[in-house]
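Q: Okay, predicted coordinates and the sequence, questions at the end:
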Amino acid sequence: MTTAFAGTTAANVARSPVGRADKAAKALGVLPEWDLTHLYPAMDAPEFAADLEKALAEARSFAALYRGKLAVLAARADASTVLAEAVSAYEKLEDLVGKIMSYAGLVYSGDTTDPQRAKFYGDTQDKVTAISTELLFFGLELNRIDEAALAKAAAQAPLSHWKPWIEDLAKDKPHQLEDRIEELFHEKSVTGHGAWNRLFDETIASLRFKAGGEDLTLELTLNRLQDADGAVRKEAAEALGTVFRQHLRTFGLITNTLAKDKEISDRWRKFEDVADSRHLANRVEREVVDALVAAVREAYPRLSHRYYKLKARWFGREALDYWDRNAPLPRVEQRTIPWHEARDTVLSAYGD
């Protein structure tokens, strides 16, 4: 059974040439489009600009009120109350910044090839970085408060409401740097790994693959790897290889630059293993992940290897070609799943 809806958007389907993609679009039915008006009416909405100005002004006021003073507040008799006020104000600012950046990110994700959206996202990212730089000190200073004093304050109301967050934040302490270096890392992220990630996303979104006489997006080309016709799968796979080879230098440069950027950050932050920063962000121990990886690898022969051997036998082959890995099983009904049916299936699964 094919899943033509996977990885597609209404915009991608609408832009595809008339042909197989057009038939798939009709079979899918009317696809939903994000309604972001509950966040902001439009990119140029006065409400959006006002919230950006408000966030920056409040972040500067917050920094003026609390920067360099948290340790003193923690030593007061009413430490739980005054620190709770600070954390509450910080939380509200983070919520506002999150709303702003979520809107910009969702608008941009709707069509990463649109220059207007790309500029809007980039401009917003720059402004949000300036705002978040003003707030960067807060977590760093909280982690420098005497552990006993902070634990005593967090054990009492009202700060006890945020005790889990404070304890979680403390896990970053061994890897945090001096404030000015943290600010430098934070500000340079826009022109560093953030810029390279954006280049990758925009390059991928702009690629077109010639298959079946049509110029297809990556999502629609990948979907053809699930086609029941082996010739269609092969053509799509070869189109993918051809276009990716044409951009090999770009993708190689992006990957190598990001790898070096991470190596520099990990070295400064004293992470022992390349995956340790990811484990810390996920709040999971390295040993747990290593055990999971080992268990999965140990199961390769009795699961995936057996499956692909069995699948090759179903296809009457000694071995599968690489474009046959996602091929639908023979003698199974092939149809495009309409959006409403796919939605209902997923929702009912979660409901059950």
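A: The structure has been received and is ready for your questions.
Q: Now do the helix ranked longest in the chain: which elements does it pack against?
A: For the chain, the helix with the greatest residue count under DSSP state H is helix 79-110. Packing partners of helix 79-110 (3 or more C-beta pairs under 8 Å, 6 or more residues apart in numbering; DSSP states H and E): helix 46-66, helix 70-74, helix 115-144, helix 147-154. All C-beta spots, glycine's among them, are computed from the backbone N, C-alpha and C.
Q: Reformat those helices as CSV; add distance to S277 and mean pLDDT.
A: Output for the helices and strands packed on helix 79-110, formatted as CSV (distance: least, C-beta to C-beta, whole Å; pLDDT from 0 to 100):
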stretch, distance to S277, mean pLDDT
helix 46-66, 26, 98
helix 70-74, 25, 98
helix 115-144, 16, 97
helix 147-154, 23, 97
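Q: Looking at these, which is nearest to F251?
A: Among those, the nearest to F251 by C-beta to C-beta is helix 115-144 (19.2 Å).
Q: circling back to that earlier point, next, the angle helix 46-66 makes with the longest helix of the chain.
A: In terms of direction (axes from the mean of the first three to the mean of the last three C-alpha atoms, to 10 degrees), helix 79-110 departs from helix 46-66 by 150 degrees.
Q: how about K210, phi and psi?
A: With angles defined as degrees, to the nearest 10, K210 shows backbone torsions of phi -80, psi 110.
Q: since we're on it, how many residues are nearby?
A: Here the neighbour count serves as a burial measure; for K210 (other C-beta atoms under 10 Å) it reads 15.
Q: How about the contacts made by it?
A: In this structure, K210 makes contact with L216, A239, judged by C-beta atoms under 8 Å, 6 or more residues apart in numbering.
Q: can we see that at 7 Å?
A: A239 (C-beta atoms under 7 Å, 6 or more residues apart in numbering).
Q: Identify the bridge partners of it.
A: K210 has these beta-bridge partners by DSSP bridges: D215.
Q: So that it lines up with my notes, have the first residue be 391 from now on.
A: Shifting the count to begin at 391 puts that one at K600.
Q: Any idea how many residues pack against N716?
A: Applying other C-beta under 10 Å, we find 16 residues neighbouring N716.
Q: Repeat that for A560.
A: 16.
Q: Quickly note the distance from R534 to H576.
A: Between R534 and H576 the distance, using C-beta to C-beta, to the nearest Å, works out to 17 Å.
Q: ok so, going back, enumerate the positions of the longest helix of the chain that are buried.
A: Judged by neighbour count (16 or more other C-beta atoms under 10 Å), helix 469-500 contains these buried residues: 469-470, 472-477, 479-480, 483, 486-487, 490-491, 493-494, 497-498.
Q: closest one to D656 among the helices and strands packed on helix 469-500?
A: Relative to D656, the nearest member of those by C-beta to C-beta is helix 505-534, separated by 18.6 Å.
Q: quick one, phi/psi of T502?
A: T502 adopts backbone torsions of phi -70, psi -10, taken as degrees, to the nearest 10.
Q: Buried residues, the strand or helix carrying A685. List them.
A: Taking DSSP states H and E as the criterion, the element that holds A685 is helix 676-689. Neighbour-count burial for helix 676-689 flags no residue at all (criterion: 16+ other C-beta under 10 Å).
Q: name the helices or strands packed onto the helix or strand where L648 lies?
A: Secondary structure here is read from DSSP H and E; on that basis L648 sits in helix 638-658. Of the remaining helices and strands, those touching helix 638-658 by 3 or more C-beta pairs under 7 Å, 6 or more residues apart in numbering; DSSP states H and E are helix 583-596.
Q: ok, 8 Å please
A: With contacts defined as 3+ C-beta pairs under 8 Å, 6+ apart, the secondary structure elements packing on helix 638-658 are helix 569-578, helix 583-596, helix 666-672.
Q: So what angle separates the directions of that helix and helix 583-596?
A: Using the same axes, to 10 degrees: helix 638-658 against helix 583-596 is 150 degrees.
Q: Can you give me the separation between R725 and E731?
A: Computed with C-beta to C-beta, the distance linking R725 and E731 is 10 Å.
Q: Tell me which of those two has more neighbours.
A: Counted by other C-beta under 10 Å, R725 and E731 do not tie: E731 has more neighbours, with 14 against 10.
Q: so that one is in which element?
A: Here E731 is assigned to helix 729-741, by DSSP H and E.
Q: Quick check: buried residues in that helix?
A: For helix 729-741, the neighbour count (16+ other C-beta under 10 Å) marks W729, A732 as buried.
Q: That one: how far from the chain's middle?
A: Taking the mean of its C-alpha atoms, helix 729-741 sits 23 Å from the chain's own mean (C-alpha atoms, centre = their mean, to the nearest Å).
Q: pLDDT of that helix, averaged?
A: Here helix 729-741 scores 93 as its mean pLDDT.
Q: backbone phi and psi for D501, please?
A: According to degrees, to the nearest 10, D501 has phi -170, psi 90.
Q: outside of stretch 474-482, which residues touch it?
A: Residues external to stretch 474-482 that are found in contact with it (C-beta under 8 Å, 6+ apart): F452, Y456, L460, L463, L525, F528, P548, L549, H551, W552, W555, I556.
Q: do stretch 637-655 as well
A: Counting by C-beta under 8 Å, 6+ apart, stretch 637-655 makes contact with F575, G582, H583, W586, N587, L589, F590, T593, L597, F634, V664, S667, all of which sit outside it.
Q: what about the residue of the chain most remote from its centre, distance to A539?
A: Distance from the C-alpha centroid of the chain peaks at A467, with 42.3 Å (C-alpha atoms, centre = their mean). With distances defined as C-beta to C-beta, the gap from A467 to A539 amounts to 12 Å.
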